[in-house]
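**Q** A structural model of the following input is requested.
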Amino acid sequence: ARAVCTIEIGTPEGEVEPVAVRVGRYGPYLQQGEGRRASLPEGLPPDELTLELATELLRQGELAEEPLGAHPETGQPVYLKTGRYGPYVQLGEADGDGKPKRASLLRGMDPASIDLATAVRLLSLPRELGRDPGTGEPVEAHVGRYGQYIKRGKDTRSLPPDLSSLDVTLEQALALLAQPKRRAGAARAEPIRTFDPSPVTGAPIELREGRYGPYVSDGQTNASIPKGVGLDDVTFDMAVSLLAERAARGPAKGGRGPRGKAGGKAPRKKAARKRTSTRKASGKAASRRKASKKQEPVPEEGPAETP
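**A** Numbers count the residues shown, from 1 in each chain. Presented below is the predicted three-dimensional model:
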């Protein structure tokens, strides 16, 4: 069964053990021999997994076994690791006593630039910025599934691209919370950057910040920026390529087509019920029908005649 779930990539030059892709309980991973293992990044196309890339991922996996240093408060080792959903930092060892604290790298962060101080700051999230002088409630900076945001009680605001949950101050957070929430249908924010016109639509390609992260748009198609790509690294050629790949996949199932009409089959119209009209016959016609049904009276039989 293990051989069925194994795909051999090749053997690095000068080494004996081959590198293989295996499928485990938590997804695919790389393995070389019995000691070297590394997770495969989610969304990595199979045709882009070369022997050179696999070797680099295994090397990064080995570096993840060496801590960046000890946490200044707890004394526990701090690690930089790469998992199925991308790079992250971890406090302490993963043992049977419980899951260690982890924190994903923020969008645009280069794993090679992460040092102990940055890792400790990431592990401090969510962090309390202070208290609102008007309500007394704590104001916190968070990182969620859809990006960075601030929170006061049940009130939240997304952080703009120029602010980070690591650096935002209490004054900046209070200023954001004082602004009304942006509702559906509100005016769109200005694009982060505008590129040359699209060779497909002729409209300028824009780099924007959306609810689910940054994306590029040519007026007809939207394409998300891959995780790990910094906003400063997005070029016109990259945007054109991302938009072409997204357009080739077609509209989302059940979504809206280019003309704004809902996709899928049109709803079946209900068949109209047949209405039967019952006209009441006029008084004279009813009388005629009744008369036609009357029969002549039958005479009563008398006693039988005797011969």
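**Q** hang on, residue 57 in a strand?
**A** No. Using DSSP: H, G, I helix; E, B strand; the rest coil, the assignment for residue 57 is helix, not a strand.
**Q** what about the stretch 1-150 of the chain, any weak spots by pLDDT?
**A** 1-5, 25-26, 45-47, 62-64, 84, 95-97 (pLDDT under 70).
**Q** helices along that one, start to end?
**A** 51-64, 116-123 (DSSP state H, counting those that start in this stretch).
**Q** which one of those lies nearest to residue 35?
**A** When these are compared for distance to residue 35 using CB to CB, the nearest one is helix 51-64, at 9.1 Å. All C-beta atoms are positioned from the backbone trio N, CA, C, and that covers glycine.
**Q** might you report the residue contacts of the residue most central in space within the chain?
**A** The C-alpha lying nearest the average C-alpha coordinate of the chain belongs to residue 212 (CA atoms, centre = their mean; 6.6 Å). The neighbours of residue 212, taking CB atoms under 8 Å, 6 or more residues apart in numbering as the test, are 146, 224.
**Q** the one 10 residues further on now?
**A** Residues in contact with residue 222, defined by CB under 8 Å, 6+ apart, are 210, 215-216, 246.
**Q** ok, so of those, who is nearest residue 28?
**A** Sorting the contacts of residue 222 by distance to residue 28 puts residue 246 at the head of the list, at 24.2 Å, by CB to CB.
**Q** need the contact list for the closest one.
**A** 221-223.
**Q** that one belongs to a helix?
**A** Yes. Under the criterion used here (three-state DSSP), residue 246 sits inside a helix.
**Q** from residue 195, how far off is it?
**A** Residue 246 is 16 Å from residue 195, where distance means CB to CB, to the nearest Å.
**Q** any chance you could map the strands in the stretch 101-250 of the chain?
**A** Ranges of strands within the stretch 101-250 of the chain are 101-104, 127-131, 138-144, 147-152, 155-158, 193-197, 204-210, 213-217, 222-224, based on DSSP state E, counting those that start in this stretch.
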